[in-house]
Every structure is written in C-alpha cells, then in structure tokens.
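1. sequence-free structure coming up:
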C-alpha cells in the first residue's frame, strides 16, 4: 500500500499542485526541490513511491535514479518520472528503476492518481498500462530536442576528458562526476554523488590547504597541488577549483589532473641533478658548461671557481673567451674534434695558468653545449722546461732519453696517486734493428729510429714518450683509459708503422713488439716494476711473432 509520497521538482507550482491533490487524497507528502536534498530524505525516511522531475539542480533525475538503484534497501521503491521533456524524447528516457513517465500537462494530477491507485490494488502488480502517460496533450517543442542534443554532446566531451571533472556544492558535496574522476578516486559514479568531496583525499599539508581554500573560495580560479603534495587513491593530483554561478546558485567545478608520472619524473630529474653535482664537486678537475651559441658560461664546479678565482655569481653568464683563447671571440677552436689540448687560462687576477683541457660537445633539448674540463699542469710545464735545460732529450729521435722519461713518469705517477687516476705504460721494442744495421748499414738504422721517434711524437701531446736506449721505447698514456683505448693505441701504432715502411722503402719490414700495463692507484707500484712488467709482456709479444 502507498502511504508516503516524495515529490522531487524544482518548480514550486508543480510541488504545490501535487501536494494539494495528493494530500486531499489522504497521502503523506514530502517535497524536495533538488536531487541532493531529495537523496538525504530518501536515506533517512524511504517513501513508498517517488515522483521525480528529470531536469533539476544538484543531481538531476537521471543521476538520482542511478543512485537509488545502487542501494539494495532503496531499489524496490517505485519511481515515476514527471517530465514533459522526457515524454517528448521518449526514445531516450527509459531510465533504470523508472516504472512510468508522466508528461507535465493539464492531466498531470489525473495520471499521478491513476498510477498511485495502480500500486494500491491488492492483486499482484502488473505493468502500468503505457509507459509514457499524458504525452498526447503536449505540443511538440523543437527546442527540447535541441537542448537534449546539446546536453548529449557536452556529456560526450566530459566523458572523454582525461582530467577528472566534479561539480561540488558550497557544502562540499559532489553533484556530478565524469568517468575519469570515478577512476582517479576509485569509487563508482553512483556512489560518488552526494558524498563529501574532501573525504576522498589523504591527510596532509595538501588536504589542509585544499580544505582552507575551498571554505573561503572567492570568484577566482585556484590551483592546489603544484607546490604542496595532494594525493587521492594513491595518485598525486593537481586540483583546479572554478566557481560557477547558475542564476542564484553557486557551485564549484573541480578539475582533477593526475600528475603522478610527472612528479615521479621531476623527482628522478632532481635526484639525477644531485648525483651529477656530487660527482662534479668531487672530481679533481675544473669543469665549465658553456652555451655554444653565446659562448657564455652557464655552470661551474667548485674547483673551476677556485682556479678561475671568481665566485659563482660573477662567473655565470661571462664569456668563456675571457678566460681561454683571449681575443678569439667565436666557436671553441677545438670543439669540432672534441679533443684534449694544452691551453693557457687567465684567472680573475690576470694570472696565467697552464692547463690540460678537454672540450666535449653535447646536445640537450636541441641546444648545444661544451663541457670543458681542465687540470692545472703548470708544475708539469715548469718541470718540462727544467728537463729541457738538463738536456734530457734523446739526440737522435728528439724524444725524452731514459733519464728524462723516468723523471717525467715518476712525476706523473705521483699526480695519479693524488688524483686517483689510472694510466697505461707502453713498452715497445723495434724488431730486427740489428738485422737492419747489418744489412743496410747504421745510417739506415739511425734513419729508421728517427722515423720511429716521429711516430711517437705524433701521439697526444699530453702523453710522455721516450727512448730508453737502443731499440727500446716507452710511452706513458695519461687520462682515463680502458681496454678499448689500449687496443686503439696498438692499432694506431701498427698503422703508423705501415706508413714508415712505405716511406723508407726497405725490403725488410720495420715492426714493433709491444707490452702494455695499466697502473691502478688502488694498487700502487714503483715505476721500475711497471717497466719490468711491460718489458716482459713485450718479450712475449716478440716471441709470439717468431714462433707464429
């Protein structure tokens, strides 16, 4: 039996008319002018039947039907739609849980009483005759169908947005949610509607900020979650709050964007930067980052600042040619080759410092930079001058003699220990020099030695080369090296010796036996020990040729 009736309509005339008619018929009548307040009434005191308008503020009739049918205790309440729009567009509005649709018109009260009387019959309930009642008395309105089409288009747009969209009352309750919002929050849209917006966010600084802004929201857009962390359902989100006025009613549109991936990427970038700066700050070389287009310094590590004698705020933005290549205001003269060279640096006091500099180009975000690393070799330069004064050069080849090589190599060994650098020691022996001397004479032998000296002098200027005596040579290869660099060095020497053979034109080919050892400062050794080990490897190389 029907005793209590809930009428939900935002038209006060309809409410007054139906309340009067049903009250005179002996029914208990309650009314609501929007879907949100109606939902609260239904939860607190479920009626026997619901008369529901389609178009209403704060949860429309279609949404309210979905919410009611999502609750087991409310699902059996009959719902009668009272709407002229629904009757005009009947093909679109056979809603879940709705038993019939009565058009708003001159026979509205009559059809309402007929439907209620139908439910009061004691026999088994049958389907109400005719789903759409009273539509014959309506005048077709093209504007209704146009409005429904526009609404359908808007719904399509909202449902396909990647951002979550919520409409919220000033009291903080959700009255609309799109599919993306439901996914982000992890709650079905039927259960989202009429619930507390702030209740879904995790506690923390972000939620406190959001609650404070929401309670004092003015007329301007506010964005929360860019600086403070705002999380919902294990997603980091950014929320835009947009006040919206609809006649005399004000609601808030919340646009929720999932920024979890972006925040993770930003954190990784920050960690990478900290890691990179930790490395740059600890290396025993000055490092500058230079903008190729403007030749200005954009970053420097502490050792570079110390060597240049300038604080960071004075150095950044200055032209690199103020310190290097003075007067050459253009591209770095060595950048095309990405190589190591010896240059003179001028610090802020005007002092000139000899440095071993490596310039390497790189591209970041389609912009080109030069990474310049340099070590102070002033002491090495002074030592070179002193060694030259002591005639430490081999007269025939122009390389360091044994004494000069040993002095320079020990100095480099000491530098490697302090800077924790590795290097290679190459010990080489000219094969069959005695045979060449016996066959072609000592003048030819000396010419061959001279050609070999030219080969070694053509290697990197930062390396130390020497003739230790007779047909024995040594090279100390400085800088970071690996097995691939070792192979490249041997290959290069062999190619250069091919050129020697072409140049001298002897029937007997000039070849070189080589032994290479790596120096690791973690396992320090004396120079003589390194030479002995390299000599032993060289001898094995020579034997392999004789027995190969």
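-> Right, received. Where do you want to start? Keep in mind the model is a prediction, meaning the values are calculated, not measured.

2. from memory residue 194 sits against residue 173, does it?
-> Yes. Counting by Cβ atoms under 8 Å, residue 194 touches residue 173, with 5.8 Å between them. Just so you know, the C-beta spots here come from the backbone N, C-alpha and C atoms, and that holds for glycine as well.

3. what's the overlap in contacts for the two?
-> residue 36 (Cβ atoms under 8 Å, 6 or more residues apart in numbering).

4. now the helices for the stretch 251-400 of the chain?
-> Using DSSP state H, counting those that start in this stretch, the helices of the stretch 251-400 of the chain run over 260-282, 302-308, 312-315, 378-389.

5. Relative to residue 421, how far out is the residue nearest in space to the middle of the chain?
-> Centroid-nearest residue in the chain: residue 265, 3.4 Å away (criterion: Cα atoms, centre = their mean). Using Cβ to Cβ, to the nearest Å, we find residue 265 at a distance of 35 Å from residue 421.

6. same question, residue 368
-> Using Cβ to Cβ, one gets 29 Å for the distance from residue 368 to residue 421.

7. Those two: which has the busier surroundings?
-> The neighbour comparison of residue 368 against residue 421 (other Cβ atoms under 10 Å) goes to residue 421, with 19 against 13.

8. quick one: the more buried one and residue 485, what's the gap?
-> Distance of residue 421 to residue 485, given as Cβ to Cβ: 14 Å.

9. Any regions of the stretch 51-200 of the chain where pLDDT drops low?
-> In the predicted model of the stretch 51-200 of the chain, residues 86-94, 122-131, 135-151 satisfy pLDDT under 70.

10. What segments of it are strands?
-> 79-82, 98-102, 132-133, 164-169, 174-177 (DSSP state E, counting those that start in this stretch).

11. who does the second one pair up with?
-> Partners of strand 98-102 in the sheet, by DSSP bridges, are strand 79-82 (parallel), strand 132-133 (parallel).

12. Same question for the longest one: list its buried residues.
-> Residues of strand 79-82 classed as buried under the neighbour-count rule (16 or more other Cβ atoms under 10 Å) are 79, 80, 81, 82.

13. so can I have JSON lines of these showing distance to residue 499?
-> Formatted as JSON lines, the buried residues of strand 79-82 follow (distance: Cβ to Cβ, whole Å):
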{"residue": "79", "distance to residue 499": "97"}
{"residue": "80", "distance to residue 499": "102"}
{"residue": "81", "distance to residue 499": "97"}
{"residue": "82", "distance to residue 499": "101"}
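
14. What is the nearest of these to residue 403?
-> residue 79 (106.9 Å; Cβ to Cβ).

15. hmm, back to that, how much space between the residue nearest to the centre of the chain and residue 183?
-> From residue 265 to residue 183 the distance is 21 Å (Cβ to Cβ).

16. now residue 35
-> 23 Å.

17. Do me a favour and average the pLDDT over stretch 8-25.
-> The pLDDT scores in stretch 8-25 average 91.

18. Show me what residue 29 bridges to in the sheet.
-> Taking DSSP bridges as the rule, residue 29 bridges to residue 5.

19. pLDDT value on it, please?
-> Here, the pLDDT recorded for residue 29 equals 93.

20. Could you do residue 44 as well?
-> At residue 44, pLDDT is 90.

21. swap in residue 247?
-> 64.

22. Residue 38 contacts residue 64, doesn't it?
-> Yes. Judged on Cβ under 8 Å, residue 38 makes contact with residue 64 at a distance of 6.5 Å.

23. who touches both of these two?
-> Contacts common to residue 38 and residue 64, judged by Cβ under 8 Å, 6+ apart, are 8, 52.

24. Now do the same contact list for the residue nearest to the centre of the chain.
-> No contacts exist for residue 265 under Cβ under 8 Å, 6+ apart.

25. What separation do you get for it and residue 541?
-> Taking Cβ to Cβ, one finds residue 265 at 52 Å from residue 541.

26. go on, residue 342?
-> For residue 342, the distance to residue 541 equals 32 Å [Cβ to Cβ].

27. Kindly report the same for residue 256.
-> 70 Å.

28. In terms of neighbours, single out the busier of the two.
-> residue 256 (25 against 19).

29. Run through the strands of the stretch 351-500 of the chain in chain order.
-> So, for the stretch 351-500 of the chain - with DSSP E, counting those that start in this stretch - the strands run 352-364, 367-376, 423-430, 464-469, 472-477.

30. Reformat these as TSV; add mean pLDDT and distance to residue 178.
-> Shown next, in TSV, are those (pLDDT from 0 to 100; distance: least, Cβ to Cβ, whole Å):
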stretch	mean pLDDT	distance to residue 178
strand 352-364	82	39
strand 367-376	85	40
strand 423-430	91	65
strand 464-469	92	72
strand 472-477	92	66
